[in-house]
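Peer 1: okay, sequence plus prediction incoming.
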Amino acid sequence: MFNLMLALALASNPAAKPAVNAVCPVQGLKVTEKSKTVVVRGQEYRICCPGDCDAKLAKDPDKYLREDGTPKNAAKAEKKPASGHEGHMH
């Protein structure tokens, strides 16, 4: 009986899909494979600022993500600085 319950629990909570975003959904700054991630709606997203961007994304995902899960600011990736946090305070 325990094995059945465990199997059902695992089946109902699949692993999150790996992050593929190139920019932070919140700030729009470029992120890398080494950036911290947050899971929202079963999808991992790389973020630029742990403790800030992860909380904002988790609190209001509709503000930052399209219905299909793509970050709304993905098209602006080429316009943002490659590094640093210009205009962003911690």
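Peer 2: Great, that's in hand.
Peer 1: and what about Tyr45, helix, strand or coil?
Peer 2: strand (DSSP: H, G, I helix; E, B strand; the rest coil).
Peer 1: measure it to Lys56 for me?
Peer 2: Distance, Tyr45 to Lys56, by Cβ to Cβ, to the nearest Å: 11 Å. C-beta: built from backbone N, CA, C; applies to glycine.
Peer 1: who has more neighbours out of the two?
Peer 2: Tyr45 (30 against 18; other Cβ atoms under 10 Å).
Peer 1: surely the more buried one is in contact with Gln27?
Peer 2: No: using Cβ atoms under 8 Å, Tyr45 makes no contact with Gln27, being 11.9 Å away.
Peer 1: and the closest residue to Glu44 other than its chain neighbours, how many neighbours?
Peer 2: Leaving out its chain neighbours, the residue that sits closest to Glu44 by Cβ to Cβ, 6 or more residues apart in numbering is Ala19, at 3.9 Å. As a burial measure, Ala19 scores 18 neighbours (other Cβ under 10 Å).
Peer 1: model confidence for Ala19, exactly?
Peer 2: pLDDT, Ala19: 95.
Peer 1: OK, contacts around it?
Peer 2: Going by Cβ atoms under 8 Å, 6 or more residues apart in numbering, Ala19 touches Thr37, Gln43, Glu44, Tyr45, Arg46.
Peer 1: got the residues you listed as a markdown table, with pLDDT and distance to Val31 columns?
Peer 2: Below are those laid out as a markdown table (pLDDT from 0 to 100; distance: Cβ to Cβ, whole Å):
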| residue | pLDDT | distance to Val31 |
| --- | --- | --- |
| Thr37 | 95 | 9 |
| Gln43 | 96 | 14 |
| Glu44 | 96 | 11 |
| Tyr45 | 97 | 9 |
| Arg46 | 97 | 4 |
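Peer 1: check which residues of stretch 61-74 are buried.
Peer 2: By neighbour count on 16 or more other Cβ atoms under 10 Å, the buried set for stretch 61-74 is Pro61, Tyr64, Leu65, Gly69, Pro71, Asn73.
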